[in-house]
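1. how would this look folded up:
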Amino acid sequence: MKKSDVFPSRFLKAGDLNGEPITLTITSAAYETLKNPKGSEEQKLVVGFRKTKKLMIVNVTNFDGIADATGEADSDDWINHKIEVYPSEVQVGTEMKPCLRVRAPSQGELKAAVAKKKPPAETDDMDDEIPF
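-> Below you'll find the predicted structure:
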């Protein structure tokens, strides 16, 4: 069994994404009292999504990412906006740790319009004036 099977979490983690980004629609953004690794309680912003029971704890970096992706600086205005959550890494001390990051949903690769070039018109260069 995987650790995530033995100890399921109600919070989204980088490992849940299997290395792939996912587009999610925000349904809620509320403060919750959570325990930090040291055991003390902290107020954290937690975001909920459509089609998944898992919530995402929002840190400063991801708050800014959601604000940029939604165009909304106030978390109360994030509801019904789509964001793309993707796995990444962050340096913590001397170690690289998995983390979640947020951006605007990608629109796939945009293909540049290819304009057909007309062949240059043939001209008779023999009629040019010589400037000297």
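2. Low-confidence bits of this structure, can you list those?
-> Within the chain, the segments meeting pLDDT under 70 span 107-132.
3. Have a look at it and report its longest helix.
-> helix 60-70 (DSSP state H).
4. Can you name every helix or strand that the helix or strand following that helix contacts?
-> Per DSSP states H and E, the first helix or strand lying C-terminal to helix 60-70 is strand 82-92. With contacts defined as 3 or more Cβ pairs under 8 Å, 6 or more residues apart in numbering; DSSP states H and E, strand 82-92 has these neighbours: strand 22-35, helix 60-70, strand 95-103. The way it works is simple: take the backbone N, C-alpha and C, and place the C-beta from them, glycine included.
5. If you count neighbours, what's buried in the longest helix of the chain?
-> 62-63, 65-67, 69-70 (16 or more other Cβ atoms under 10 Å).
6. Please produce TSV containing the helices and strands packed on strand 82-92, extended by distance to Ala14.
-> Below are those laid out as TSV (distance: least, Cβ to Cβ, whole Å):
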stretch	distance to Ala14
strand 22-35	11
helix 60-70	12
strand 95-103	4
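7. Now for the buried residues of helix 60-70: which two are most distant?
-> Farthest-apart pair in these is Asn62 and Thr70; separation 12.0 Å (Cβ to Cβ).
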